[in-house]
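Student: no sequence on this one, just coordinates:
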């Protein structure tokens, strides 16, 4: 059946701001950027005459995210909560969460709390929000 998780798609409202967050603050590298339109994209997404910019970004281990900026369709703007049904966050492992926390905080990234050690002592965790509202879980494995 499934061989692996290919990527996580994240719809964005301001592509430049999101690129700054994922590329400049989190360290992703752009591997492909393109404008998509036509019958193929209309059929697989179920839209009519859709036009969107997609940006595929990877980490050094080839794990991928895809930013999607729909230029001719309105995006729903609603408040996401961590307990909403369906996917609610993306988790990234970091080397030193305290350093990453301070860097992102100084870059005006909003956090729910500072890094906190898990009760089992396995990890230190903090949640922040990307510009489009996606919750990002940052995890430093302590053991």
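Tutor: Structure's in. What do you need? The structure displayed is predicted, hence computed values, not measured ones.
Student: Looking at the record's assignment, how would you partition this structure?
Tutor: Taking automatic domain parsing as the reference, the chain has its domains at 7-70, 89-141.
Student: Can you give me the end-to-end span of the shortest one?
Tutor: Domain 89-141 has an end-to-end distance of 18 Å (criterion: Cα to Cα, to the nearest Å).
Student: Could you give the separation of it from the chain centroid?
Tutor: Its chain's C-alpha centre and that of domain 89-141 lie 13 Å apart, by Cα atoms, centre = their mean, to the nearest Å.
Student: can you check stretch 65-85 too?
Tutor: That offset, for stretch 65-85, works out to 11 Å (Cα atoms, centre = their mean).
Student: Show me what counts as buried in it.
Tutor: 65, 67, 68, 69, 70 (16 or more other Cβ atoms under 10 Å). Using the backbone N, CA and C atoms, a C-beta is placed for each residue, glycine as well.
Student: so the fourth one touches residue 52, yeah?
Tutor: Yes. Because the distance of 6.1 Å satisfies Cβ atoms under 8 Å, residue 69 is recorded as touching residue 52.
Student: For the longest helix along the chain, name the packing helices and strands.
Tutor: Secondary structure assigned by DSSP state H gives helix 97-106 as the longest helix of the chain. Secondary-structure packing of helix 97-106 (3 or more Cβ pairs under 8 Å, 6 or more residues apart in numbering; DSSP states H and E): strand 123-129, strand 135-141.
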